[in-house]
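Novice: requesting a structural model of the entry that follows:
(2 chains)
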Amino acid sequence: MNQIENDPGPPSPHRIHLVGTGGQGLLLAARLLTDFHLQRGRRVLCSQLHGMAQRGGAVQTTVMIDCGSSPALRAGSADFVLGLEPVETARALPYISSATIVFMNTVPIIPYVLAQQQVRGRKEAKYPDVRQLEECIRSVTPDLFLLDATELARRAGAVMALNMVMLGCLFGTGLLSCAPEEFLETMVKNAPPKLAEINRKAFSGGVEFGSKVVLVGNR
Amino acid sequence: MSASGTHEVLQSSPGAPACLLGNVAIVRGALEAGVQFVSCYPGTPGSEVGDTFARIAGDTGIFFEYSVNEKIAVEIAFAASLTRARSLCSMKHLGLNYAGDPVSTIPYVGVEGGMVIVSAGDPSAITSPNEQDQRHFSSFLYYPVFDPATPEDALEMTRFAFPFSEETRLPVLMRPTTRVCHIRGMVTLGALPETRNEIRFDRNPSRHVPIPVNARRMRMEVIDRMKLAETLLADSKFYPRSGNGPHGIIASGVAHAYIHQVIQDLELQDRVSLLQIGAYPVPEKILTGFLATVESVLVAEELTPFVEDRVTLAAYRNRMTLPINGKATGHFPLAFEYTPELVEDAVRKHVHLEKRKPATVSVPDLPPRPPVLCPGCPHRTTFYLARKVFGKKTVYPNDIGCYTLGYGTPLESCDVLLCMGSSISQASGIARTTGERTVAYIGDSTFFHSGLPALANAVRYDDNVTVFILDNLVTAMTGFQPSFSASDRLSIENTVRGLGVKDVYTVNQFDIEETREALNKAKAGSGLNVVICNAPCEVNRARLGTGAKRPPLTIDQERCNACSLCVRVLGCPAIHVEDERFLIDEDLCNGCGLCAHVCNQDAIK
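Specialist: Take a look at the predicted model:
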């Protein structure tokens, strides 16, 4: 029998940018991703924008796996963007390049300022057309995938499990160096039993979606 | 919490890699140094330091308190240090100003047990009314200051700081900034100690009492102690150097983390030499030793040109004429946080690389999401009712807390603001010069923090002021720390009456008619009066699961005439407009009922 080279080399670095609004469970999702990779011996850096997110603000957090020392994402350098809300996904455009894979939840959270602007005579102050946002992002990367992740979470048992659906999409691509099942196992082990089942369903829904996407981008 | 139920900061496997939030890494460093006493006042971006100690204090036997303000926190931690306890005291950058009085004299007296003051900086003033550079405390008040670039630095520097503080008898300032505080990064854990300092108070008034005759002696001692600190730092590992290229770069804080990355990304390892400045006072020989080996130098640091000025001085004193690039030469801006791109541009300019060619993407106009009072927030009800009663012409000084969000449209309840506790004094000043009744808003924590002396002042001069104390029973803005008003031992009403305020109205602002009646009396009153609004924070109530959840309201589309009043006056995020129909988002609505009260079509139920 001959020995042939079969060493996969060091696992590749990943920059995963998660965006949405306060209360969508972004920080928890980032924390799960961080802990999971940490347990696998990876070097992880996770940046969070805290502050007044609880009061309805935008939230961004980045998980960087084996990426070096910078705590902030450079322009155009995200490998993945998990957008839990359409406008917030579009707001992440500076971090998106032709090599970025973007999953975007299509369900808007309407910024309250729009109602304020409308009743003060700015009738045109409307939530942007999601299709227009989609076009803007698609003009940068072909690998943009839209899904009603909120509905998938609701079917799993709770809208709150939206973050799990999005993590499922990420793992479903098969581009991380771990199989979705490994992550699921860790996640379920650390959640209360009642939530574990909802999380499992939500995550699996995301995995199913993520595993079917066809990537055409330049990477 | 990990699966085993202990907090991650208490994991006991020395040498193991862990990933800790910068603020939690500071806690770990203090634990590894055997910290015994911790006090804090919360404030973004440093709150997690105290909050983490609050969670583990019971398991570790550490004395912990959320103090009433930063001045008390510093004094009480220093007193603990005088009994040889290793003590830590945590706050945000502005808190250090409030504590300035004790802070300025502690180096004179000197510590007994090691003492570390953590004061988190907020470049770009993301959650503060200013950005300031606490590193200057090293030069004007004799504080050794540590300036971590990463959570790993934060852990190691804090661990180092306690014995170092004991050896120099100087209190030590730990100054992380937002991008260190709120980054989870890799750290290497050390061992948790078996022993702690023995608690003992050695009476020695000439050593511990800075009356002038002693203070003048201490003045000379503190200079010597600072020299000792500089000598010890010169041999420390907080000035690491890498590379041997001709282009020097000196960097501190998170700017160092960005520089490090840029050098890797642009593969400049052979062209640059990098020196990190991790602690102050910077020993001059560290600077001159570096400058002697490079042809030019770029200084990268956020906020003021603190290191840059020292580099310039060191070069001048040693007759070195190499170019010094930094803020003075326009390589870096004078204000605000740096970004990876900004740092890369400066490095390219410094090493004469061609300019970066940024790819551009077109981003559509996107609606902003500024912070807003939550649905059902009792502050909204207070602001709405007070404006109804006191009117548009009244001046409304406001204070620091969630209620600052009364600023701007539509609540228009924050006309002036300065700092913690300033609302009452600002109301006094405005009432005296204008002769008009002025209305101050202050929350429960801020009232005890620094509103008390201002209220005593207003009582003394019987100012024509109505003070609203918004007692929601929690310090909500900084992460739901327990409020002093929630303690059985403190009562805002008794406190206010004890100070001599005769007209005190305590109301639950959701009892709208009763509240309106009280406000009318307050408006008609003469001199100072106080309204205490005691409806609890709704988010905290939901967190704690206290009391029943109120059912959401709906707008009857038959009755609604789209007058838009509810949106125009309340700014509740649960009400939105869709195709000119007014709708309540039932997931967001908290059922407080204020919109139903406002609606004159009786359309909201």
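Novice: give the contact list for residue B:569.
Specialist: Residues counted as contacts of residue B:569 (CB atoms under 8 Å, 6 or more residues apart in numbering or on different chains) are B:384, B:410, B:598. Every residue, glycine included, has its C-beta placed from N, CA and C.
Novice: name the helix or strand for it, please.
Specialist: helix B:565-570 (DSSP states H and E).
Novice: mind checking how far that helix is from the chain centre?
Specialist: Counting by CA atoms, centre = their mean, to the nearest Å, helix B:565-570 is centred 33 Å from the centre of its parent chain.
Novice: stretch B:422-442 now?
Specialist: 26 Å.
Novice: contact partners of that stretch?
Specialist: For stretch B:422-442, using CB under 8 Å, 6+ apart, the contacting residues are B:382-383, B:386, B:390, B:393-399, B:401, B:403, B:406, B:413-414, B:416-418, B:421, B:451, B:454-455, B:457-458, B:461, B:463-470, B:523.
Novice: among those residues, name the ones in helices.
Specialist: B:382, B:383, B:386, B:390, B:454, B:455, B:457, B:458, B:523 (DSSP state H).
Novice: pLDDT score for the third one?
Specialist: Going back to what we said before, that points to residue B:386. Looking at residue B:386, its pLDDT stands at 98.
Novice: can you get me a residue count around it?
Specialist: For residue B:386, the count of nearby residues is 27 (other CB atoms under 10 Å in any protein chain shown).
Novice: residues contacting it?
Specialist: B:396, B:413, B:439, B:468, B:519.
Novice: switch to 10 Å and redo it
Specialist: By CB atoms under 10 Å, 6 or more residues apart in numbering or on different chains, the residues touching residue B:386 are B:394, B:396, B:406, B:411, B:413, B:439, B:441, B:466, B:468, B:509, B:515-516, B:519, B:522-523, B:531, B:533.
Novice: what do you get for residue B:183?
Specialist: For residue B:183, the contacting residues are A:45-48, A:62, A:64, A:71-72, B:19-23, B:25, B:150-151, B:154, B:176, B:254, B:257, by CB under 10 Å, 6+ apart.
Novice: any idea which helix is longest in chain B?
Specialist: Assignment by DSSP H gives helix B:212-234 as the longest helix of chain B.
Novice: so what does that one touch, helix or strand wise?
Specialist: For helix B:212-234, the elements it packs on are helix B:100-109, helix B:136-140, helix B:151-168, helix B:205-208, strand B:279-280, helix B:284-291, judged by 3 or more CB pairs under 10 Å, 6 or more residues apart in numbering or on different chains; DSSP states H and E.
Novice: okay, residue 7: pLDDT?
Specialist: As the question left the chain open, I've gone with chain A. You'll see residue A:7 listed with a pLDDT of 62.
Novice: other chain: chain B
Specialist: pLDDT for residue B:7: 89.
Novice: quick one: residue A:37 from chain B, how far?
Specialist: Using CB to the nearest CB, to the nearest Å, residue A:37 is found at 9 Å from chain B.
Novice: my read is that residue is in a helix, agree?
Specialist: Yes. Assigned with DSSP: H, G, I helix; E, B strand; the rest coil, residue A:37 falls within a helix.
Novice: distance from the chain centre to the helix or strand of chain A with the lowest mean pLDDT, please.
Specialist: The helix or strand of chain A with the poorest confidence is helix A:180-190; it has a mean of 89 (mean pLDDT, DSSP states H and E). Its chain's C-alpha centre and that of helix A:180-190 lie 17 Å apart, by CA atoms, centre = their mean.
Novice: now swap in stretch B:526-543 and tell me
Specialist: 23 Å.
Novice: go on, stretch A:154-163?
Specialist: For stretch A:154-163, the distance to the chain centre is 15 Å (CA atoms, centre = their mean).
Novice: keeping just the C-alphas, turn that stretch into CSV.
Specialist: Provided in CSV are the C-alpha atoms of stretch A:154-163 (Å, rounded to 0.1, in the frame of the first residue of the first chain):
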residue,chain,number,x,y,z
ARG,A,154,-41.7,30.3,14.3
ARG,A,155,-42.3,26.9,12.8
ALA,A,156,-39.5,25.6,15.1
GLY,A,157,-41.4,26.9,18.0
ALA,A,158,-40.3,30.5,18.7
VAL,A,159,-39.4,33.6,16.8
MET,A,160,-36.6,34.0,19.3
ALA,A,161,-34.8,31.1,17.6
LEU,A,162,-34.1,33.3,14.6
ASN,A,163,-30.5,33.4,15.5
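Novice: give me the residue from the stretch 301-450 of chain B nearest chain A.
Specialist: At 3.7 Å from chain A, residue B:371 is the closest residue in the stretch 301-450 of chain B, using CB to the nearest CB.
Novice: circling back to that earlier point, just name the most buried of the helices and strands packed on helix B:212-234.
Specialist: Ranked by mean neighbour count, the helices and strands packed on helix B:212-234 are led by strand B:279-280 with a mean of 29 (mean count of other CB atoms under 10 Å in any protein chain shown).
Novice: pairing partners for it, with directions?
Specialist: Sheet pairing here is set by DSSP bridges, and for strand B:279-280 it gives strand B:145-146 (antiparallel).
Novice: hmm, back to that, do the least confident helix or strand of chain A and chain B meet?
Specialist: Yes. Under the criterion of CB under 10 Å from any CB of the partner chain, helix A:180-190 makes contact with chain B via A:186, A:189, A:190.
Novice: now those residues: which count as buried?
Specialist: With burial judged by 16 or more other CB atoms under 10 Å in any protein chain shown, the buried subset of those is A:186, A:190.
Novice: of the residues of helix A:180-190 next to chain B, closest to residue B:357?
Specialist: Proximity of the residues of helix A:180-190 next to chain B to residue B:357 was ranked by CB to CB; the top entry is residue A:186 with 42.0 Å.
Novice: from residue A:203, how far out is that closest one?
Specialist: Distance of residue A:186 to residue A:203, given as CB to CB, to the nearest Å: 11 Å.
Novice: for residue B:291, same thing?
Specialist: Distance from residue B:291 to residue A:203, by CB to CB: 55 Å.
Novice: now list the buried members of the ones in helices among the contacts of stretch B:422-442.
Specialist: B:382, B:383, B:386, B:390, B:454, B:455, B:458, B:523.
Novice: ok now do the residue nearest to residue B:206 when sequence neighbours are not counted, which residues does it touch?
Specialist: Leaving aside its chain neighbours, residue B:206 sits nearest to residue B:214 (5.6 Å; criterion: CB to CB, 6 or more residues apart in numbering or on different chains). The neighbours of residue B:214, taking CB under 10 Å, 6+ apart as the test, are B:108, B:109, B:205, B:206, B:207, B:208, B:221.
Novice: can you list those residues in CSV and add pLDDT?
Specialist: Formatted as CSV, those follow (pLDDT from 0 to 100):
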residue, pLDDT
B:108, 98
B:109, 98
B:205, 98
B:206, 97
B:207, 97
B:208, 98
B:221, 98
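Novice: pull the most distant pair out of those.
Specialist: Among the contacts of residue B:214, B:205 and B:221 lie farthest apart (CB to CB), at 15.7 Å.
Novice: so what's the residue nearest the centre of chain A up against?
Specialist: Central residue of chain A (CA atoms, centre = their mean): residue A:82, 2.0 Å from the mean position. For residue A:82, the contact set (CB under 10 Å, 6+ apart) comprises A:16-20, A:26, A:29-30, A:33, A:61, A:63, A:89, A:92, A:101-105, A:149, A:163, A:165-167, A:169-170, A:206.
Novice: tell me the bridge partners for it.
Specialist: residue A:18, residue A:103.
Novice: what about it, distance to residue A:195?
Specialist: Distance, residue A:82 to residue A:195, using CB to CB: 20 Å.
Novice: got it, and residue B:260?
Specialist: In this view, residue B:260 and residue A:195 are 40 Å apart by CB to CB.
Novice: who's more crowded, these two?
Specialist: For residue B:260 versus residue A:195, neighbours defined as other CB under 10 Å are more numerous around residue B:260 (21 against 18).
Novice: returning to what we had before: among the contacts of stretch B:422-442, which are in strands?
Specialist: Secondary structure from DSSP state E places B:465, B:466, B:467, B:468, B:469, B:470 of those in strands.
Novice: just checking, the third one touches residue B:447?
Specialist: Yes. Using CB atoms under 10 Å, residue B:467 is in contact with residue B:447, at 8.6 Å.
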